[in-house]
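# Using only what follows, build the 3D model:
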Amino acid sequence: MIIYKDDDHTYKNSYGDMYTSVTTVIKEFVPVVDWVKMSEVYLKKRTNAQVVLDLATKWGLSTDDIITKFGDTFTPEKLRGIWKAAGTRATTGGSNWHNWKEIQDAKMPNTVLIPMYDGIKSFNPESMKPNTTYLEPILRDHASRLAGQADKTVLKEVSSKVRDYKTVNKDLVPDVKAYYKPQLRKKVAPTFKSPLKHLKHSSYWEYAVQLSLYGVMLSDIGFPPEELIIDQVKTEWVKEEDVTNHFVIDTDEEINKVRIVTEVIPIELPFLEEEARTILKYKRSQLI
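Numbering: from 1, shown residues only. Below is the predicted model:
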């Protein structure tokens, strides 16, 4: 049995042993970013007007909207705050979409929504039954003390399908862009850290590792994955009066706009079983 507390996003077993979340453990293997240096270099290469235009493109807003929200002059500290706000905004919108989708999915036949009471829920993955869909089941690996929740897990007779929802507008593709590294005098694509050094790093590959860990956890209880899918939820900011039959996932009173879902694109990910088991083995070794 694994117990999850929503207020601090923690997992424990029935004995009180703490488990690390899958999303947290993945962060241990992604490249370290020096945000201070990045913000300084970013501003050295751009005028304030270019920063406004770049932010407008990335936020999906007009330049006037950006100036209304953030002004038209930037410092490294201010820029880092804007980048952080972008992450918070993505999380808020994603949660709203997820909650709505969960309500819709719960209406489907042979579907189980794991209940949460007072911000706490518990679940035993070994209680899962074939030919049943589970919404946010807690999956775990006891030996490495890792746990996580896939948005939607469909169990068949002897296999499974794992689905997760990501609210992101940037392209999710396996190709990873290489960047010029002066110290190496060549372009190099970013990679995960050891022991996943062979694997290129991007959001696409992070999602692949995440779902592959869920896939391995399901394999170990008899339901290996036949399909790992990210539903990429694309969005757009519009005036509230322009909303018709769209689902609204966020609002911004500063610019009097709402964010609507414009498209949902299913993206099938590779099952990185070897990499997922490498992570589990690595984490198990740290507990010895």
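
# what mean pLDDT would you report for stretch 281-288?
Averaged across stretch 281-288, the pLDDT comes to 89.

# what sits up against that stretch?
With CB atoms under 8 Å, 6 or more residues apart in numbering as the contact definition, stretch 281-288 has outside contacts at T20, V25, A143, S144, R145, L146, P195. Bear in mind the C-beta positions are built from the backbone N, C-alpha and C, glycine included.

# And those residues, which of them are buried?
Restricting the contacts of stretch 281-288 to buried positions leaves T20, V25, S144, R145, L146, with burial counted as 16 or more other CB atoms under 10 Å.

# Could you list which of those belong to helices?
Judged by DSSP state H, the subset of the buried ones among the contacts of stretch 281-288 located in helices is V25.

# What segments of the stretch 51-200 of the chain are helices?
Using DSSP state H, counting those that start in this stretch, the helices of the stretch 51-200 of the chain run over 63-70, 76-105.

# What is the longest one packed up against?
Under the contact criterion of 3 or more CB pairs under 8 Å, 6 or more residues apart in numbering; DSSP states H and E, helix 76-105 touches helix 35-44, helix 48-59, strand 111-113, strand 132-135, strand 160-167, strand 225-239, strand 248-252.

# Could you measure from the residue nearest in space to the middle of the chain over to T20?
With the centre of the chain defined as its mean C-alpha position, the nearest residue by CA atoms, centre = their mean is K166, 5.8 Å away. When distance is defined by CB to CB, to the nearest Å, K166 is 21 Å away from T20.

# what's the spacing between V233 and K197?
31 Å.

# Show me which of the two is the more surrounded one.
In terms of neighbours (other CB atoms under 10 Å), V233 is the more surrounded of V233 and K197; the figures are 22 against 9.
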